[in-house]
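# model the structure of this input:
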Amino acid sequence: MVYRPERKALTLLVGSLLIILLIHAGITMAGPGAFTKPFEPDLPDGSRVSLEGSVEDIRQTRTGGHWSAVVSGTRIFIPRGTGDPGLRIGDQVSIYGILTTYDGEREITIQSAGDIIRH
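Next up, the predicted model:
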């Protein structure tokens, strides 16, 4: 037999879980660009940014199996764990990532394959 306080606790737990799932679904449906700022070189490191443009260069790094691309003059770093991005020169893309400085140059580091959207 389930007593009233236990039913109340169970109802609160299930309700909390449903609210969390709804929030998660909303954020997922909003997509990667929902919480980004348009790329500007003067933004601080760690800013979540977006960039739209044309792929000007794409190559695998000499070591580590990472990828490096240039989109509309901005360097994009694609870590090994995200896989082959499948980009080609001339592709129109939207990039979402974290703004970083590497070797004195500003670049956008993507976090997952879903941060690159081909148009």
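# where do the strands sit along this structure?
37-38, 48-60, 67-71, 74-78, 92-102, 105-109, 116-118 (DSSP state E).
# what's the closest of these to Thr28?
strand 92-102 (13.8 Å; C-beta to C-beta). All C-beta spots, glycine's among them, are computed from the backbone N, C-alpha and C.
# could I get the strands of the chain as CSV with mean neighbour count?
What follows is these, written out as CSV (neighbours: other C-beta atoms under 10 Å):
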stretch, mean neighbour count
strand 37-38, 10
strand 48-60, 16
strand 67-71, 21
strand 74-78, 21
strand 92-102, 18
strand 105-109, 17
strand 116-118, 17
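# so for Leu13, which of the ones you listed sits nearest?
Within the strands of the chain, the stretch nearest Leu13 is strand 48-60; the backing value is 32.3 Å (C-beta to C-beta).
# what helices and strands are in contact with that closest one?
Strand 48-60 is packed against strand 37-38, strand 67-71, strand 74-78, strand 92-102, with contacts defined by 3 or more C-beta pairs under 8 Å, 6 or more residues apart in numbering; DSSP states H and E.
# nearest residue to Ile95 in space, please, no chain neighbours.
Excluding the flanking residues, the one nearest Ile95 by C-beta to C-beta, 6 or more residues apart in numbering is Leu51, at 4.6 Å.
# quick one on the thing from earlier: quick check: which of the strands of the chain is nearest to Arg7?
strand 48-60 (42.3 Å).
# what's the angle from the closest one to strand 105-109?
Angle of strand 48-60 versus strand 105-109, following axes from the mean of the first three to the mean of the last three C-alpha atoms, to 10 degrees, is 100 degrees.
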